[in-house]
Each structure stands twice: as structure tokens, then as C-alpha cells.
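A.B. asks: Whatever this is, show me its structure:
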Amino acid sequence: MVSVGPDSEGAFCPARASPCTVPQGKLRSVTGSDFEVLTLGRVSVDLYPSEIGLPLSQVSSFHKFLGGSPTNVAVAAARYGHASAVITRVGDDGFADFVRSALRGFGVDDRYVGTDPVLRTPLVFVEIYPPDHFPLLFYRQPKAPDMNTAVDDLDLDAIRGADIFWTTGTGLSDEPSRTATFAALEARGGREHTVHDLDFRPSLWPAPEDAGRYQRLALELASVVVGNEEECAIVLGPGTPERQATRLLDCGPELAIVKMGPAGALVAWSGGVERVAPLNIDVVCGLGAGDAFGGALCHGLLLGWDPVAILRFANAAGAYVATQLACADAMPTEDQVRDLMGDVV
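C.D. replies: Numbers count the residues shown, from 1 in each chain. Sure thing, here's the model as predicted:
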């Protein structure tokens, strides 16, 4: 058994939930928007090895899954019954057909999935060495179509109207996606539940040294921020999770979540700071745990849970996916998360 927390996400009630309680409630109706959750950013086709514990050179076959962090978050939110969509781009190829078909199959609206006539739909090859080593090989050269998402591709009315709008650090890594991401955040106008996921992968930045500067600008426009300890250190410098969360709040968000991997997670807001311990599970693949966390975060925000209740539920959702061999396909239902919370101490 391994202790695992999430690591790869307005207005809040200050009252804390009891230590073992996550409130239940009906989904509220969408207010003035087609979407409860609208994400912006990358998409991919993830190729998982059929054999665990082998390098790519020795793997004989692969299983194909939908991937890409903000895409997975939209899928995770849809699994809880929320009207979700993703703004992204794919190539003009067979993998693009798979992406659209998979999104529709998961109940995610694909109307904002554009087509690049030249660039190819990205692939990601995965190696799996449980419990904590999962190397990724990205095929996004010379550039991924999602990084060509431009301001003209954005439905700014839908972005303004979405109950939750989700951006990522990777979306800031290159143009024209960077300008589009900032335009979308500015269109929100400081609306609650504008979430920025720090989502830093250095191999996807042409100039990784620029990441901190652009991420800090994004935080000024977000109401919620989520990231792991390494990502927080890149943006704001090293420190304890509590110190990192305080620095994140100082940048403008009202809610800050620091994912601490095997140590669990931490949430900070105007009413306090709280840590949530990890769950003891048998890890199969940690990839996608952070995205499951993000979808569960959206679910809790939409239902109006307090920060600690959200964190407990999201922590368990991430742990659930860590016991599975997929990302989007493994996103849990609320019942599955609650079952895990009841079964695992």
C-alpha cells in the first residue's frame, strides 16, 4: 500500500466540514450559460503500454486513450453530470476523429475543437513504473495544434458565461495560445470560479525561464489556483506548502490549492489553511490523478461546498484514478469517489 495524493484544482463558505464528511447535494441549474465547466488548452492521444515496467524499446503494443490535462478535467466534470466543453485544436487526421468521438462519448461538447490544416494531433507515449515513475514522451513537434488557438477561435460570451472557466500554464507557453489565454481570462472580468492550473511541463515551453512571469500575470486574473509544490516554486519561489499557498493568495486568487503528492494536499483561503492527508492505495499509474482532482474541484465549487470538503473529495478522486490504467477513461463518478473515501483510511 502506498500513500498517494493528487499530483500529475469565488465565493466560499468559511465553515469547515467535519473531518470525515463531504456534503451531498443536487446539481444546481446552469445560470446564463450553456456550460458549467469550460476548459481551454491542450489535447492529445495518449498511448499506454500493454506491459508495465518496461521501457518503450521493449513494449510490444499500446492502448489508446484521450488525454491532455484540460481535456481530462472537462471529462472528469462531465462524469459528475456537469455540462462541459473544451476549447482546443487538433490536426486534420484520424487521431482528430478519435478525439472528437471520445469527447462526445464522455459527454463533453466538442463544438470548440478546431482543426489545424497542417499540424498533426499530438501523441503522448507513456512508460509505467509503479508506484511513482511514469515518464512521458510528447510528440508535439514542430508545434501542437492546440498551441495555435488564437483569440479569434474564442467564444468570449461562452467564456464569460461559464460557471467555471479553466486555464493552464501550458497554454501560456507559446503564441498565439498565450495571447488567447490572457484574452479569455480578461474576458472573465474577475468572475468567481475562474481557475488557473499551473500545469508546468518544461519540455513544452520554448523558453521555460519565462514560465514564472507569465503564470504570475495569469494569477492576477484568476479566482482559484491549483498546482503542485514544484510548480508553485517555479512561479513564486521555494517554501513550505503553507508559505506557497499564502504567496498564491497574495497574487490575487481567493482560493489556493497546493498538491503535495504522497503527502496529500493543502488548501488556503481567507478563512484559514488546512491540510488533507493522502489515502493509502495500491498505485497502478499516477498519471491523470491531478486531472481527476481538477474535475472534482469543479464539482465541489459548483455545489457550493466549503474549501476543506472540496479538498477531501478532490484528494480521493485523484487517488481513485491512481489505481487505474488510464486518464480520461478512468475518471470516477461521485459514487465511486465516495466509496473510496469510505473504504480507505
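A.B. asks: hey, let's count contacts and neighbours off CA atoms from now on
C.D. replies: Noted.
A.B. asks: All the strands of the stretch 201-345 of the chain, in order from the start?
C.D. replies: Secondary structure of the stretch 201-345 of the chain (DSSP state E, counting those that start in this stretch): strands at 224-228, 255-259, 265-269, 272-276, 279-281.
A.B. asks: Which residues does the third one contact?
C.D. replies: To tie it back to what came earlier, the one meant is strand 265-269. With Cα atoms under 8 Å, 6 or more residues apart in numbering as the contact definition, strand 265-269 has outside contacts at 5-6, 241-242, 245-246, 249, 254-260, 273-278, 307-308, 311, 315.
A.B. asks: what lines up beside that strand in the sheet?
C.D. replies: strand 255-259 (antiparallel), strand 272-276 (antiparallel) (DSSP bridges).
A.B. asks: Export the ones you listed to a markdown table and append columns for mean pLDDT and distance to residue 43.
C.D. replies: Below are the strands paired with strand 265-269 laid out as a markdown table (pLDDT from 0 to 100; distance: least, Cα to Cα, whole Å):
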| stretch | mean pLDDT | distance to residue 43 |
| --- | --- | --- |
| strand 255-259 | 98 | 22 |
| strand 272-276 | 97 | 30 |
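A.B. asks: Nearest to residue 290, out of those strands?
C.D. replies: In terms of Cα to Cα, the element of the strands paired with strand 265-269 nearest to residue 290 is strand 255-259, at 8.3 Å.
A.B. asks: got the angle between that closest one and strand 224-228?
C.D. replies: Comparing the axes of strand 255-259 and strand 224-228 via axes from the mean of the first three to the mean of the last three Cα atoms, to 10 degrees yields an angle of 10 degrees.
A.B. asks: So, low pLDDT: which residues of the stretch 1-150 of the chain?
C.D. replies: Scanning the stretch 1-150 of the chain for pLDDT under 70 picks out 1-33.
A.B. asks: mind listing the helices for it?
C.D. replies: 69-79, 94-105 (DSSP state H, counting those that start in this stretch).
A.B. asks: just the stretch 151-300 of the chain next, same as before
C.D. replies: All helices of the stretch 151-300 of the chain, identified by DSSP H, counting those that start in this stretch, fall at 156-161, 177-188, 211-219, 229-236, 241-250, 289-303.
A.B. asks: how about those, which one is nearest residue 89?
C.D. replies: helix 177-188 (10.6 Å).
A.B. asks: Can you list the helices and strands that the closest one packs against?
C.D. replies: If contacts are counted by 3 or more Cα pairs under 8 Å, 6 or more residues apart in numbering; DSSP states H and E, helix 177-188 sits against helix 156-161.
A.B. asks: next one: the helix it packs on to chain centre, how far?
C.D. replies: When distances are taken as Cα atoms, centre = their mean, to the nearest Å, helix 156-161 is centred 20 Å away from the chain's centroid.
A.B. asks: Now that helix: buried residues?
C.D. replies: For helix 156-161, the neighbour count (16 or more other Cα atoms under 10 Å) marks 156, 158-161 as buried.
A.B. asks: Equivalent analysis for stretch 296-309, please.
C.D. replies: Buried residues in stretch 296-309, counted by 16+ other Cα under 10 Å: 296-302, 304-309.
A.B. asks: repeat for stretch 172-191
C.D. replies: Buried residues in stretch 172-191, counting neighbours by 16+ other Cα under 10 Å, are found at 172-174, 176-182, 184-188, 190-191.
A.B. asks: One more: stretch 277-289?
C.D. replies: Neighbour counts over stretch 277-289 (16+ other Cα under 10 Å) mark 277-279, 281-289 as buried.
A.B. asks: ok, the closest residue to residue 298 other than its chain neighbours - contacts?
C.D. replies: Spatial nearest neighbour of residue 298, excluding adjacent residues (Cα to Cα, 6 or more residues apart in numbering): residue 77 at 6.6 Å. Contact analysis of residue 77 by Cα under 8 Å, 6+ apart lists 37, 83-84, 295-296, 298-299.
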